[in-house]
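Undergrad: need coordinates for the following:
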Amino acid sequence: MNLVLEILNIIHNNGYDAYLVGGYPRDTYLGNSSDDYDICTSATSDKLISIFGDKIKVIGYGSMFLTYQDITCQITSYRIDGLYLDKRHPNSIIQATTLYDDLMRRDFIINTLCIDYNGNYIDYLGARQDLDNKIIRCVGNPKRIVEDSIRILRAIRLATVLNFTIESNLLDIIKQNNYVVKSLSFYRKKQELEKIFLSQNSKYGIKLLLECNLMDSLDLINLNELVVVNDINAIWAQLSVIDKYPFSREEKKQILVIQDLLTKDLLDVDNLYYYGLDKVLICAEIKKINSKKIIKLYNNLIIKNRNDIKISILDMKLLMPKLSYKQINKLYKQLELDIIHNRVKNNRESIIKYLGQINIE
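TA: Okay, here's the model as predicted:
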């Protein structure tokens, strides 16, 4: 926190107000660690550039990123937002002159708690009271939740992660306007959903998503059948959205592997060997299969991977120089299976004898 207070003091010493707002003050008040550094200030972007030079990067909508030593924080000048015509961004931004005006444009009361350059809390809207009462309320009229469609998912995510209650009027408005989430990009949906799914309180978050009837808007038709596990790719594999949500190549690979494994017999030693213990245990949790049986089977495997085989592909090539590498690979795969099923002992002498008895077509 010292570096962030240093930034606030630099801005203050140049004649402008500056406060930490949002995630960091909220989490610090609750006794949680945080590196969510958001600063609001009376200084404009031009003034901040004159203070920090090329450490400032302007990103639009009155926001900037500041890289200061080894931390990065987002800075916004005091502003009043215009109408949210696209349910995502204000159509105009008006420069505000006071912290109070800036706080009144924000989403939830718990996110309006501020810290000043001396490290003191500044609380104009009763954020500490809501944090003490573990409740999420909108700033101003609860109907403002629909101004920006991300706020609906953010409310549910905050309720999940913090184990807070969503104020009843706000929850009713979310239920009545759940359709606005449909227009939100799948990228942003994924960001918020993964924080919900990976939370220790994820079942509560899923309950809220179902209660608010958000399945259609999120394209999560089988959400009510989801078995929560501690692997995000296994969660996405169950939800069958690989063709809709944005995933990296590696994420897609892992999701497809899990989907494939879920269709197989998890007590088959071949699957246990080729997919690995971790993947099989994840799928066993989803399919509610006793993990002790699987672990016992795995521990009894003669080999756990190819590195355990007492002869390498290169050794086989030297022993059988007339065979092509394609033939060697085919033979090696057969050797794996035969060792796994105890048809050949895993020692060099037995393997060489075994190789002499096999015909490669």
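
Undergrad: what pLDDT is listed against G62?
TA: We note a pLDDT of 69 for G62 in this prediction.

Undergrad: same check on L66?
TA: So L66 comes in at 95 (pLDDT).

Undergrad: D107 and D130, how far apart?
TA: As defined by CB to CB, to the nearest Å, D107 lies at a distance of 13 Å from D130. To be clear about C-beta, it is placed using only N, CA and C from the backbone, and glycine gets the same treatment.

Undergrad: one more: K296?
TA: Taken as CB to CB, the span from K296 to D130 is 51 Å.

Undergrad: do S248 as well
TA: Distance from S248 to D130, by CB to CB: 37 Å.

Undergrad: so which of those two has more stuff around it?
TA: In this view S248 and D130 are compared by other CB atoms under 10 Å, and D130 has more residues nearby, 22 against 8.

Undergrad: count of residues packed around the closest residue to K190 other than its chain neighbours?
TA: Counting by CB to CB, 6 or more residues apart in numbering, Y245 is the residue found nearest to K190 once chain neighbours are left out, at 5.1 Å. Residues lying near Y245 (other CB under 10 Å) number 19.

Undergrad: looking at it, Y245 is touching Q191, isn't it?
TA: No. Contact criterion CB atoms under 8 Å: Y245 and Q191 do not qualify, at 10.4 Å.

Undergrad: and L318, how many neighbours?
TA: Count around L318 with other CB under 10 Å applied: 9.

Undergrad: er, D54 I mean
TA: 7.

Undergrad: contact partners for it?
TA: If you count contacts by CB atoms under 8 Å, 6 or more residues apart in numbering, D54 has none.

Undergrad: kindly report the same for I80.
TA: 93-94, 96, 101-102, 104-105.

Undergrad: who's it bridged to?
TA: I94 (DSSP bridges).

Undergrad: relative to R105, how far out is it?
TA: For I80 relative to R105 (CB to CB), the value is 6 Å.

Undergrad: now D278
TA: 46 Å.

Undergrad: which one of these two has more residues nearby?
TA: R105 (20 against 9).

Undergrad: helix/strand/coil for that one?
TA: The three-state assignment at R105 reads coil, by DSSP: H, G, I helix; E, B strand; the rest coil.

Undergrad: tell me which element the closest residue to N271 other than its chain neighbours is part of?
TA: Nearest residue to N271 in three dimensions, chain neighbours excluded: K264, at 5.0 Å (CB to CB, 6+ apart). Assigned by DSSP states H and E, K264 falls within no helix or strand.

Undergrad: so K264 versus I289, what's the distance?
TA: Taking CB to CB, one finds K264 at 12 Å from I289.

Undergrad: and if you look at N133?
TA: For N133, the distance to I289 - CB to CB - is 42 Å.

Undergrad: now do the phi/psi pair for the residue nearest to N271.
TA: Dihedral angles of K264 (phi, psi; degrees, to the nearest 10) stand at phi -110, psi 170.

Undergrad: swap in R151?
TA: Per degrees, to the nearest 10, the backbone of R151 is at phi -60, psi -30.

Undergrad: that one against N111, yeah?
TA: No. R151 lies out of contact with N111 (CB under 8 Å); the separation is 10.5 Å.

Undergrad: for D265, list the residues it contacts.
TA: N271.

Undergrad: same question for A18.
TA: With contacts defined as CB under 8 Å, 6+ apart, A18 is in contact with 7-8, 11-12, 39-43, 117.

Undergrad: what about it, distance to P25?
TA: A18 is 13 Å from P25, by CB to CB.

Undergrad: repeat for I109
TA: 12 Å.

Undergrad: do N177 as well
TA: N177 is 29 Å from P25, by CB to CB.

Undergrad: out of these two, which sits in the busier spot?
TA: P25 (26 against 17).

Undergrad: who has more neighbours out of N133 and I289?
TA: With neighbours defined as other CB under 10 Å, N133 and I289 compare such that I289 has more, 16 against 13.

Undergrad: so the more buried one makes contact with L267?
TA: Yes. I289 lies in contact with L267 (CB under 8 Å); the separation is 7.4 Å.

Undergrad: now for these two: what residues contact both?
TA: With CB under 8 Å, 6+ apart, I289 and L267 have no common neighbours.

Undergrad: what number of residues lie near D132?
TA: Neighbours of D132 (other CB under 10 Å): 11.

Undergrad: can I assume it sits in a strand?
TA: No. Counting by three-state DSSP, D132 is not part of a strand but helix.

Undergrad: can you tell me the element the closest residue to D231 other than its chain neighbours falls in?
TA: Nearest non-adjacent residue to D231, counting by CB to CB, 6+ apart: I282, 5.1 Å away. Taking DSSP H and E as the criterion, I282 maps to helix 277-287.

Undergrad: which helices and strands does that helix pack with?
TA: helix 232-239, helix 249-261, helix 291-299 (3 or more CB pairs under 8 Å, 6 or more residues apart in numbering; DSSP states H and E).
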